[in-house]
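S.K.: from the sequence below, what's the structure:
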Amino acid sequence: MDVRDRISALRREIPARLRAMPPKHEEKDVFDGKSCSMITWHDEPSPGEHRIVVAAYVPSMMGLATRITADGFVLQADGSIRPLTPEELQSFQ
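M.R.: Have a look, this model is predicted:
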């Protein structure tokens with residue numbers, strides 16, 4: 001499962017489950033055929049808004065560098081979801 005698949009699955013979750021997610025969940029996975037760390041981040045950047053980000057950290061260049069792929073969304077107070085902007089994702093990449 002890649003970052004987009006995980007984000008799609010999370011977007012289908014009920015809002016109460018998203019709001020109750022832990023701040024960080026890390027697991028090992030395979031991304032583009034390579035072992036990686038897949039981290040799901042959750043925080044509340046402003047009251048009532050919940051930011052969910054999934055990032056894959058894939059070693060590259062024989063372990064000398066890490067390629068990061070991230071995507072996410074904000075669950076707003078009214079229950080609607082909006083994608084994160086590239087600027088909002090920047091701190092996760």
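S.K.: go through stretch 75-89 and flag the buried ones.
M.R.: 75, 84, 88, 89 (16 or more other C-beta atoms under 10 Å). Every residue, glycine included, has its C-beta placed from N, CA and C.
S.K.: wait, doesn't residue 6 sit right on residue 54?
M.R.: Yes: in this structure residue 6 lies within contact range of residue 54 using C-beta atoms under 8 Å: 4.6 Å.
S.K.: the two: who's more crowded?
M.R.: residue 54 (24 against 19; other C-beta atoms under 10 Å).
S.K.: how about the more buried one, what does it touch?
M.R.: 3, 6, 7, 10, 38, 39, 40, 41, 70, 71, 72 (C-beta atoms under 8 Å, 6 or more residues apart in numbering).
S.K.: among those residues, which are in strands?
M.R.: Judged by DSSP state E, those include 38, 39, 40, 41, 70, 71, 72 as members of strands.
S.K.: tell me how far the ends of stretch 61-80 are from each other?
M.R.: 40 Å (C-alpha to C-alpha, to the nearest Å).
S.K.: shaky segments in the protein?
M.R.: Applying pLDDT under 70 to the chain picks out residues 1, 31-32, 63.
S.K.: can I get the ones in strands among the contacts of residue 54 in TSV with neighbour count?
M.R.: Output for the ones in strands among the contacts of residue 54, formatted as TSV (neighbours: other C-beta atoms under 10 Å):
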residue	neighbour count
38	21
39	17
40	20
41	19
70	19
71	20
72	22
